[in-house]
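[1] Kindly return the folded structure for what I paste below:
(chains A and B)
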There are 2 protein chains.
Amino acid sequence: MQAKTIQLDQGSGGRATHELVGELFIRAFRNDFLLELNDSALVNVENGRIALTTDSYVVDPIVFPGGNIGSLAVHGTVNDLCMRGAKPLYLTVGFILEEGLSIETLEQVVEAMSCAAREAGVLIVAGDTKVVPRGKADKVFINTSGIGVVPAGIQVAGQNARAGDAVLINGSIGDHGMAVLCKREGLAFENEIRSDSASLNGLVWKMLDAFPGIHVLRDPTRGGVATTLNEIAAQSDVGVRLFEEALPIREDVAGACEILGLDPLYVANEGKVLAIVPPEGAETALAAMREHPLGKDARRIGEVVADDPGRVFMRTRIGGHRLVDMLRGEQLPRIC
Amino acid sequence: MQAKTIQLDQGSGGRATHELVGELFIRAFRNDFLLELNDSALVNVENGRIALTTDSYVVDPIVFPGGNIGSLAVHGTVNDLCMRGAKPLYLTVGFILEEGLSIETLEQVVEAMSCAAREAGVLIVAGDTKVVPRGKADKVFINTSGIGVVPAGIQVAGQNARAGDAVLINGSIGDHGMAVLCKREGLAFENEIRSDSASLNGLVWKMLDAFPGIHVLRDPTRGGVATTLNEIAAQSDVGVRLFEEALPIREDVAGACEILGLDPLYVANEGKVLAIVPPEGAETALAAMREHPLGKDARRIGEVVADDPGRVFMRTRIGGHRLVDMLRGEQLPRIC
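    Alright, predicted model coming up:
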């Protein structure tokens, strides 16, 4: 790799591709599966239920306070797996690179992926690299797919919310979306808003170990808390009541949202989990969350009700109720 | 979906995304896993070895004689799985769509994916859709990842070639690359060159059932037969001899290659398998290939030797030998 930018021939499948893969990707993600250099990786999995997921990442800018597109791609896919109660095991990664991308930037992205994978305890076992001519993509797009194993006895799904359940969250909302947006628009506040991007499998497994009967886990990414709760309300045919005074919103995020005319309930998070827990397990789950670094600000933000199935309402500070609909229109493009 | 082109808000994660996913993707790929609408799909897998693979597709043009980016994305990932001796089971799909893409085109792509998945006997169980502003991608990029199960007793890998093995292929080489290139460059020949894009799991399992001791299976995609054999020679630390007179090249493909100054040995295939088979199994494997519609032109094109480990030589028609190196430089960008 003499050149300091990505060249078209690095996507040819020939020698230049092999050098890029060997010198950059395999060195960073090093493990026995990748070193085999076969069309597929072979992994051993115990009998049972496998969770399978995929996500493509097109965030702009690719580097933002608190992370970059590489760490985000690992966190997002790890989180999608643990939202089904799976223990994430193996990821694949597909890069689409724009000709002319700086190799230094790519190295930074790959290094962040490698760190994030190590922290989450997952291995990147297969990959693919395509290069498109300048102007046919924007710097780098990443797909991460992954598998995990769901232990016996765990039944977590969007269909399982029941009236009476508590709605919990592990911390402040809207951080990721506002971090990316402020960086993209060049907005500077006194304190830089940082993305909450993080792998949640450690936290989620603390919760499931404490109370295995959790009904729903879901990460409120694109569309934010409001859209995610609407999805769950529809899937489980229940209503959800949010308590406005309980919603954890950082002051700087609230301020930036107000200036930009955004509602933090619709802004993406990348290190948050909404947990819907039967009443008898709510305190246990909350206590377990608070013992984990990513859950120390955990709180109960609402409840599941039998009224208004498929809808989410907010009980406002002054005691009124307002409908919290699913996101309509594109609030923030390319946020993940 | 009122609009006839893709809009940015269809990537928001909100209502417009849900409508696109529901009306287009879930309708086309319909299965119980997708209908659950959870972050991951849960599938049951028997104890054992799971093959895991990923590929992104950026082919230009997205529709070409013999297929489109959608069918190609299914075929390619199905093939990567069976090249490890796996029975492909489940795929995930990640779309990156450019704002302004015609919905009709997208429907055509999705329909082709759905057909290809049905033909190959795989289910598309999870997906993701991103939309980027006009000019930030080129129409549509697709990632397909997948898993399959490798039955006990099958040991197929690029490391397993041994001196004395036969090198087999199921038919003509260079068809896919030349079909895409001729379409892109607007080259018209008397007979339109068609891509060979196809799922090979049926053929491969006919071969493995007939002779389970096959050493290596590999699909010669980007970089072509030459690059793939160089990879195998390096991984197995053996030499490979190709017989020039045995190489199956269609006349129209050979002609187009000559006009464009390309060597068909380096042109991508998407429905071909190179099989490296111990001598005692070569005839059995060949006979099994010829019984399958995708293998009726199967033949022996070379042999594995102990000399020149890591290198591929061609025995020419006039009895000389020339080195067949790995592809250098970008012969054909965006071919898959």
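[2] tell me the mean pLDDT for the helix or strand harbouring residue A:73?
    In this structure, residue A:73 sits in helix A:69-82 according to DSSP states H and E. Averaging pLDDT along helix A:69-82 yields 98.
[3] How far off centre is it?
    Put simply, helix A:69-82 sits 5 Å off its chain's centre (C-alpha atoms, centre = their mean, to the nearest Å).
[4] who does the helix or strand following that helix pair up with?
    Sequence-wise, the next helix or strand downstream of helix A:69-82 (DSSP H and E) is strand A:87-98. Strand A:87-98 sits in its sheet next to strand A:123-132 (parallel), strand A:140-150 (antiparallel), going by DSSP bridges.
[5] Doesn't residue A:234 belong to a helix?
    Yes - assigned with DSSP: H, G, I helix; E, B strand; the rest coil, residue A:234 falls within a helix.
[6] so where do the helices sit in the stretch 151-300 of chain A?
    Here the stretch 151-300 of chain A has its helices, by DSSP state H, counting those that start in this stretch, at A:175-185, A:201-210, A:224-236, A:251-260, A:279-290.
[7] So what pairs up with residue A:168 in the strands?
    Bridge pairing for residue A:168 - DSSP bridges - gives residue A:275, residue A:300.
[8] picking that back up, now the helices of the stretch 151-300 of chain A in CSV, please, with extra columns for mean neighbour count, distance to residue B:238 and mean pLDDT.
    Every residue, glycine included, has its C-beta placed from N, CA and C. Converted to CSV, the helices of the stretch 151-300 of chain A look like this (neighbours: other C-beta atoms under 10 Å in any protein chain shown; distance: least, C-beta to C-beta, whole Å; pLDDT from 0 to 100):
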stretch, mean neighbour count, distance to residue B:238, mean pLDDT
helix A:175-185, 24, 50, 95
helix A:201-210, 21, 42, 98
helix A:224-236, 24, 54, 97
helix A:251-260, 16, 60, 93
helix A:279-290, 18, 55, 98
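[9] Would you mind giving the strands paired with strand A:87-98 as JSON lines with mean neighbour count and distance to residue A:74 added?
    Converted to JSON lines, the strands paired with strand A:87-98 look like this (neighbours: other C-beta atoms under 10 Å in any protein chain shown; distance: least, C-beta to C-beta, whole Å):
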{"stretch": "strand A:123-132", "mean neighbour count": "24", "distance to residue A:74": "8"}
{"stretch": "strand A:140-150", "mean neighbour count": "28", "distance to residue A:74": "6"}
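[10] Between those strands, which one is closest to residue B:255.
    strand A:123-132 (28.7 Å; C-beta to C-beta).
[11] and residue A:91, how far is that from residue A:43?
    11 Å (C-beta to C-beta, to the nearest Å).
[12] and these two? which has more neighbours close in?
    residue A:91 (30 against 17; other C-beta atoms under 10 Å in any protein chain shown).
[13] Quick check: closest non-adjacent residue to that one.
    Closest residue to residue A:91 apart from its sequence neighbours, by C-beta to C-beta, 6 or more residues apart in numbering or on different chains: residue A:146 at 4.3 Å.
[14] in chain A, which residue is closest to the centre?
    residue A:76 (3.1 Å; C-alpha atoms, centre = their mean).
[15] ok, now which ones touch that residue?
    Contacts of residue A:76 were listed using C-beta atoms under 8 Å, 6 or more residues apart in numbering or on different chains, and they are A:55, A:57, A:144, A:221, A:270, A:336.
[16] Residue ranges in chain A under the pLDDT threshold?
    A:1-2, A:330-331 (pLDDT under 70).
[17] can you rerun that using 80?
    Scanning chain A for pLDDT under 80 picks out A:1-3, A:46-48, A:189-190, A:328-332.
[18] for it, longest helix please?
    helix A:103-120 (DSSP state H).
[19] Output the set of residues of the stretch 151-300 of chain A in proximity to chain B.
    Contact residues, the stretch 151-300 of chain A versus chain B (C-beta under 8 Å from any C-beta of the partner chain): A:157-159, A:218-219, A:221-223, A:227, A:231, A:235, A:266, A:268.
[20] The helices of the stretch 151-300 of chain A: which one's closest to residue B:184?
    helix A:175-185 (33.9 Å).
[21] Give me the number of neighbouring residues for the closest residue to chain B within the stretch 151-300 of chain A.
    Relative to chain B, the nearest point of the stretch 151-300 of chain A is residue A:222 (2.6 Å; C-beta to the nearest C-beta). Counted with other C-beta under 10 Å, residues neighbouring residue A:222 total 25.
[22] Give me the nearest residue to it, chain neighbours excluded.
    Residue A:222 sits nearest to residue B:13 (C-beta to C-beta, 6+ apart), 2.6 Å away.
[23] any idea how far the one you found is from residue A:260?
    From residue B:13 to residue A:260 the distance is 18 Å (C-beta to C-beta).
[24] Check residue A:311 too.
    27 Å.
[25] Same question for residue A:212.
    Taking C-beta to C-beta, one finds residue A:212 at 41 Å from residue A:260.
[26] can I get the helices of the stretch 151-300 of chain A in a markdown table with distance to residue B:6?
    Output for these, formatted as a markdown table (distance: least, C-beta to C-beta, whole Å):
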| stretch | distance to residue B:6 |
| --- | --- |
| helix A:175-185 | 21 |
| helix A:201-210 | 33 |
| helix A:224-236 | 19 |
| helix A:251-260 | 25 |
| helix A:279-290 | 39 |
